[in-house]
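Undergrad: My questions concern the predicted model and sequence given below.
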Amino acid sequence: MAMGKALVVGASGLVGGALMRALRAARIDCVGTYGAHPQSGLVALDITSSDRLRACLERHRPETIFLAAALTHVDYCEDHPGEAFKINLEGPGTLAEAARAIGAQVVYYSTDYVFDGKAGPYDEEAHAAPLSVYGRTKLAAERALQEIVESVLILRTTGAFGWDLNSKNFAMQVYYKVRARERMTIPMDQFGNPTLAEYLAEMSLALAQQGVRGIVNVVGEDLIARSEFARALVRLYGGSSDLVVPVPTESLKQKAARPLFGGLRTEKLERLVGRKAMALDDALKRLAHQWKDCVAST
Ligand SMILES: NC(=O)c1ccc[n+]([C@@H]2O[C@H](COP(=O)([O-])OP(=O)(O)OC[C@H]3O[C@@H](n4cnc5c(N)ncnc54)[C@H](OP(=O)(O)O)[C@@H]3O)[C@@H](O)[C@H]2O)c1
């Protein structure tokens with residue numbers, strides 16, 4: 001099914017940026033929005049302003065809306081639940097109503113933080129029990145969106161990463177630490193599937209074009225500890241592996257509780273797209289190319 005005009009809400013973020021690149025590569029007409037961080041080629045949109053949201057949808061009349069905007073700082077959300085629910089639940093709710101009014105398909109991004117991390121990796125049917133404010137906002141939004149737009153596609157992901165100078169994603173944080181030869185304390189007991197943002201974007205397009213509805217996990221194939229993932233990134237950037245100091249989560253005194261044995265199962269995704277989820281080695285090879293291209297061009 002060919003995709004008509006697309007709107008990427010949160011295109012100034014990691015996932016939204018990757019979506020814009022994937023849409024442009026597929027020659028799909030698309031408009032992207034930013035919240036507080038202007039980027040050239042994107043339009044301003046605060047999803048907590050219902051008037052502006054409706055006006056934006058009326059003006060651009062997208063056929064498909066990729067909703068990647070969210071307050072993603074998990075510890076900040078814990079301290080600011082009001083703001084977190086406003087951006088992560090009310091905003092998506094208003095957007096979904098406006099989308100329904102113009103008959104647009106909605107693709108929403110969610111997380112394995114909707115689970116308590118006692119029994120990961122989780123499939124799409126597993127019982128959700130978030131431990132944090134962030135996780136609660138995302139689960140509440142999943143449910144609200146399913147009520148409002150029956151055809152919503154909810155893509156759950158974990159540990160998204162990519163080469164993106166505008167982003168503070170884990171791969172970029174590790175890069176800056178390696179460059180500064182700074183040690184980093186990384187949890188050894190938080191498990192998830194690192195997911196290349198480009199891969200998430202490509203799968204998003206494939207699933208949206210197939211008209212898939214409901215919840216689908218879109219993650220990389222490999223389930224590993226955060227500290228192991230950090231080591232793999234350090235190796236990729238040519239740093240010394242002793243820059244990574246593995247520590248128990250408990251010692252980090254993070255504000256929000258983390259689902260330790262998190263991660264997501266990929267059988268449904270693999271069935272839908274007819275191939276295995278992306279292996280971490282392949283994702284890291286793509287990251288290395290992007291990094292080297294960037295260094296070569298500066
Ligand atoms: N990254 C991960 O590991 C991960 C894992 C699981 C799920 N997810 C989900 O995937 C989605 C995308 O994540 P990401 O990593 O790309 O996040 P991100 O890099 O933090 O980007 C968040 C985006 O949301 C926008 N935004 C924030 N508040 C807004 C507001 N009030 N109005 C309009 N836009 C607003 C930001 O715009 P400005 O920066 O311009 O303000 C930015 O474009 C989120 O829904 C997140 O919950 C991500």
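TA: Yes, it's here. Since we're looking at a predicted model, the values are computed, not measured. Residues are numbered from 1 along each chain as shown.

Undergrad: contacts, neighbours, all on C-alpha from now
TA: Fine.

Undergrad: And the longest strand anywhere in the chain, what does it pack against?
TA: As assigned by DSSP state E, the longest strand anywhere in the chain is strand 105-111. Helices and strands touching strand 105-111, by 3 or more C-alpha pairs under 8 Å, 6 or more residues apart in numbering; DSSP states H and E, are strand 64-67, helix 91-102, helix 133-148, strand 153-157.

Undergrad: can you pull out the strands in the chain?
TA: Along the chain, the segments classed as strands by DSSP E run 6-9, 30-34, 43-44, 64-67, 105-111, 153-157, 160-161, 184-187, 191-192, 195-196, 214-217, 224-225, 244-247.

Undergrad: For those strands, give me CSV that also has mean neighbour count and distance to the ligand.
TA: Output for the strands of the chain, formatted as CSV (neighbours: other C-alpha atoms under 10 Å; distance: least, C-alpha to the nearest ligand atom, whole Å):
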stretch, mean neighbour count, distance to the ligand
strand 6-9, 26, 7
strand 30-34, 23, 4
strand 43-44, 18, 8
strand 64-67, 24, 7
strand 105-111, 25, 4
strand 153-157, 24, 5
strand 160-161, 22, 4
strand 184-187, 19, 15
strand 191-192, 27, 10
strand 195-196, 26, 8
strand 214-217, 22, 10
strand 224-225, 20, 14
strand 244-247, 18, 20
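
Undergrad: Up against the ligand, what does the protein have?
TA: Within the chain, the residues that sit near the ligand (C-alpha under 6 Å from any ligand atom) are 10-16, 34-38, 45-48, 68-72, 87, 109-111, 157-160.

Undergrad: so who does Lys268 touch?
TA: With contact set as C-alpha atoms under 8 Å, 6 or more residues apart in numbering, Lys268 has these partners: 216-217.

Undergrad: how much space between it and Ala232?
TA: Going from Lys268 to Ala232 by C-alpha to C-alpha, to the nearest Å gives 27 Å.

Undergrad: do the same with Leu7
TA: With the distance defined as C-alpha to C-alpha, Leu7 ends up 34 Å from Ala232.

Undergrad: neighbours around Ser40, how many?
TA: The tally of other residues near Ser40 (other C-alpha atoms under 10 Å) stands at 7.

Undergrad: Hmm, I typed the wrong one, I wanted Ile148.
TA: Close neighbours of Ile148, defined as other C-alpha under 10 Å, add up to 17.

Undergrad: ok, now the one 10 residues further on?
TA: The local packing count at Thr158 equals 22, with neighbours defined by other C-alpha under 10 Å.

Undergrad: Nice, that's everything, thank you.
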